[in-house]
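A.B. asks: Predicted coordinates and the sequence they were generated for:
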Amino acid sequence: MEKLTMEKIVNLCKQYGFVFPGSDIYDGFANTWDFGPVGVELKNNIKKCWWKRFVQEDPNTYGVDAAILMNPRVWEASGHVQSFSDPKMDCKKCKQRFRADNLIEEYSNGSVAAEAMSNEQMQDYIAENHIKCPNCGGFDWSEIKQFKLMFETNRGTVEENKNMVYLRPETCQGEYVNFLNVQRSSRAKIPFAIAQIGKSFRNEITPGNFLFRTIEFEQMELQKFCKDEDSIKFYDEYKSKAINFIKDIGLSDDKLRFHDHDKLAHYAKAACDIQYKFPIGWEELNGIHHRGTWDLSRHSEFSGKNLEYLDPDTNEKYIPTVIEYSIGADRLTLAILCEAYDEETLEDGTTREVMRFKPFLAPYKVAVLPLVKKFHKEKADEVYNMLCKEFMCTYDETGNIGKRYRRQDVIGTPYCITIDDDTINNNTVTVRDRDTMKQITINIDEIVDYINDKIKF
Ligand code: ATP
């Protein structure tokens, strides 16, 4: 297969209903994307697997779904109002805006850790190395300035500063502010975690690369509250849980690596990313961060509420240390799309495009295909109505059966069920496997168990 490009994935996504450009009929709205009928199923399945693994299967993790709009004091306590910004630089020639740290990292092929540099050091490095504008090739830079990444809006009818609220730039504050609510209502004992899946918003300086960096995205993340002496143990535990999860849903080992952070926040003992080899190169897929007692201490201070935990066994009172594990649902969906894409040359010399999703991630588990519409439609409808109560199914009666198989291959449907004369006469169907293209015959009554057995996560 030729090297996969982002352009190819973007086009395929639009053509087959995975992802459309946001506000498409208005010529789009840059860096927003709408999930289509097939994409929404894929992304939902990814989220369901994450929730199953990290919440359902862990008795010490509790889910929440917190409000996007929070009391603005939350963002003062978290430090976002003061410092959630990126170093931006404008090219005076073409007026394009860039992140200074990204320019350096790209120029040095990742060998210089710009995240650990001050703005002055970055400015000097760019000047000394004569780093040019990637857009126009010019060398006429503005000074580096910090650019605020939070979207601001107004609550109420009067546009005043005091009514200013923010679209949350990360979901985790919803867990911190609910630490006591969850602990008390669930009688949770430390160590325990609070997890959430939800939307975040960032006014990114350099959004782009399709779903990789957008201004509105979903995060799946959890905060583990623990004793400080156990924190490194949990940090290591979440590193392995995080990488095992993404491998289990289909990302391959040779496209994954850990990347330890060079610069740590003053309260942190460790931080790392897991990077994935996207068509644009190695990039962050998720983060695991040791956050010390920073978050709960700050919220105690700003809210005036005591967020200490009282250990019922030892009567010890303390602010728990937090280990954060966070992964973007959209970025992970992009990784899964890239990983699943395959072009296979068949024996007759033709090629087929196949999305080799793990069956539990596939948007539709089954396609029901009447061999000849005129004769088999009624029975096919009956089978479809039975199966759609169990899992997502699709139905296709147009075109020859070969073309219909191809359409299902490219959206990753693992099983095609063909309804023919044998179905009417003997109550049997053929089930065609997406990957092997082999067909087997089974009784209609066996389909549900057969498929359910194959789509487990
Ligand atoms: P990056 O360095 O790529 O900007 P980050 O370190 O700011 O990411 P976190 O704040 O740790 O990211 O967010 C956790 C996860 O949320 C990221 O690993 C990524 O998967 C996802 N994410 C963050 N920003 C975006 C974005 N703008 N678009 C899509 N996903 C994002």
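C.D. replies: Noted; the coordinates are in hand.
A.B. asks: Can you give me the buried ones in stretch 400-420?
C.D. replies: Of all the residues in stretch 400-420, those buried under the rule 16 or more other Cβ atoms under 10 Å are 401, 404-405, 407-420. (Each C-beta comes from the backbone N, C-alpha and C, glycine too.)
A.B. asks: whoops, stretch 346-359 was the one
C.D. replies: Neighbour count says stretch 346-359 has Arg352, Glu353, Val354, Met355, Arg356, Phe357, Lys358, Pro359 buried, by 16+ other Cβ under 10 Å.
A.B. asks: For that stretch, measure first residue to last.
C.D. replies: Using Cα to Cα, to the nearest Å, one end of stretch 346-359 lies 22 Å from the other.
A.B. asks: Then stretch 390-410?
C.D. replies: 23 Å.
A.B. asks: For it, what is the distance to the chain centroid?
C.D. replies: 27 Å (Cα atoms, centre = their mean, to the nearest Å).
A.B. asks: Up against the ligand, what does this structure have?
C.D. replies: Residues of the chain found near the ligand (Cβ under 6 Å from any ligand atom) are 170, 202, 204, 213-214, 217, 219, 284-287, 326-328, 330-331.
A.B. asks: Now for Glu175: which residues touch it?
C.D. replies: Glu175 makes contact with Val64, Ala66, Val182, Ile194, Ala195, Gln196, Leu222, Gln223 under the criterion Cβ atoms under 8 Å, 6 or more residues apart in numbering.
A.B. asks: who does the residue in the stretch 301-450 of the chain that the ligand sits nearest to bridge with?
C.D. replies: For the stretch 301-450 of the chain and the ligand, the shortest gap (Cβ to the nearest ligand atom) falls at Gly328, measuring 2.7 Å. Note on Gly328: beta-bridge partners by DSSP bridges are Gln219.
A.B. asks: That one contacts Gln219, doesn't it?
C.D. replies: Yes - using Cβ atoms under 8 Å, Gly328 makes contact with Gln219 at a distance of 5.9 Å.
A.B. asks: okay, stretch 182-202 in CSV with CA atoms only?
C.D. replies: Backbone C-alpha positions of stretch 182-202 (Å, rounded to 0.1, in the frame of the first residue of the first chain) are rendered in CSV as follows:
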residue,chain,number,x,y,z
VAL,A,182,-18.3,12.0,44.7
GLN,A,183,-16.3,10.8,47.7
ARG,A,184,-19.2,11.4,50.1
SER,A,185,-22.1,10.2,47.9
SER,A,186,-20.3,7.1,46.8
ARG,A,187,-18.5,6.5,50.2
ALA,A,188,-15.3,6.2,48.2
LYS,A,189,-12.1,5.5,49.9
ILE,A,190,-8.7,6.7,48.7
PRO,A,191,-7.3,5.6,46.4
PHE,A,192,-10.1,6.2,43.9
ALA,A,193,-10.6,7.9,40.6
ILE,A,194,-13.2,10.2,39.0
ALA,A,195,-13.6,9.9,35.2
GLN,A,196,-15.4,11.9,32.6
ILE,A,197,-15.9,12.1,28.9
GLY,A,198,-16.8,15.5,27.6
LYS,A,199,-16.2,18.5,25.3
SER,A,200,-13.3,21.0,25.7
PHE,A,201,-12.6,24.1,23.7
ARG,A,202,-9.3,25.8,22.9
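A.B. asks: Figure out how far that stretch is from the centre of its chain.
C.D. replies: Distance, centroid of stretch 182-202 to centroid of chain: 19 Å (Cα atoms, centre = their mean).
A.B. asks: Just the buried positions in it, please.
C.D. replies: Going by 16+ other Cβ under 10 Å, stretch 182-202 has these buried residues: 182-183, 188, 190-198, 200-202.
A.B. asks: next one: stretch 330-343
C.D. replies: Taking 16+ other Cβ under 10 Å as the criterion, stretch 330-343 shows Asp330, Arg331, Leu332, Thr333, Leu334, Ala335, Ile336, Leu337, Cys338, Glu339, Ala340, Tyr341 as buried.
A.B. asks: Please, which helix or strand holds the fifth one?
C.D. replies: Leu334 belongs to helix 329-340 when elements are defined using DSSP states H and E.
A.B. asks: packing partners for that helix?
C.D. replies: Packing partners of helix 329-340 (3 or more Cβ pairs under 8 Å, 6 or more residues apart in numbering; DSSP states H and E): helix 6-16, helix 37-51, strand 216-226, strand 271-278, strand 281-290.
A.B. asks: So what touches that helix?
C.D. replies: Against helix 329-340 from outside (Cβ under 8 Å, 6+ apart): 4, 9, 13, 18, 33, 39, 42-43, 46-47, 50, 197, 210-212, 214, 217-220, 246, 249-252, 255, 276, 278-279, 285-286, 355-357, 361, 412.
A.B. asks: Which PyMOL command selects the buried ones in those?
C.D. replies: Applying 16+ other Cβ under 10 Å to the contacts of helix 329-340, the buried members can be selected in PyMOL as follows:
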select buried, resi 4+9+13+18+33+39+42+43+46+47+50+197+210+211+212+214+217+218+219+220+246+249+250+251+255+276+278+279+285+286+355+356+357+361+412
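A.B. asks: Skipping adjacent residues, who's closest to the residue nearest to the spatial centre of the chain in space?
C.D. replies: Geometric centre of the chain, nearest residue: Ala329, 1.7 Å, by Cα atoms, centre = their mean. Nearest non-adjacent residue to Ala329, counting by Cβ to Cβ, 6 or more residues apart in numbering: Glu218, 3.9 Å away.
A.B. asks: ok now do that neighbour, which residues does it touch?
C.D. replies: So Glu218 contacts Lys43, Lys47, Ile197, Gly198, Lys199, Ser200, Gly328, Ala329, Asp330 (Cβ under 8 Å, 6+ apart).
A.B. asks: which residue ranges form the strands in the stretch 1-150 of the chain?
C.D. replies: 19-21, 33-35, 61-64, 85-90, 97-99, 145-148 (DSSP state E, counting those that start in this stretch).
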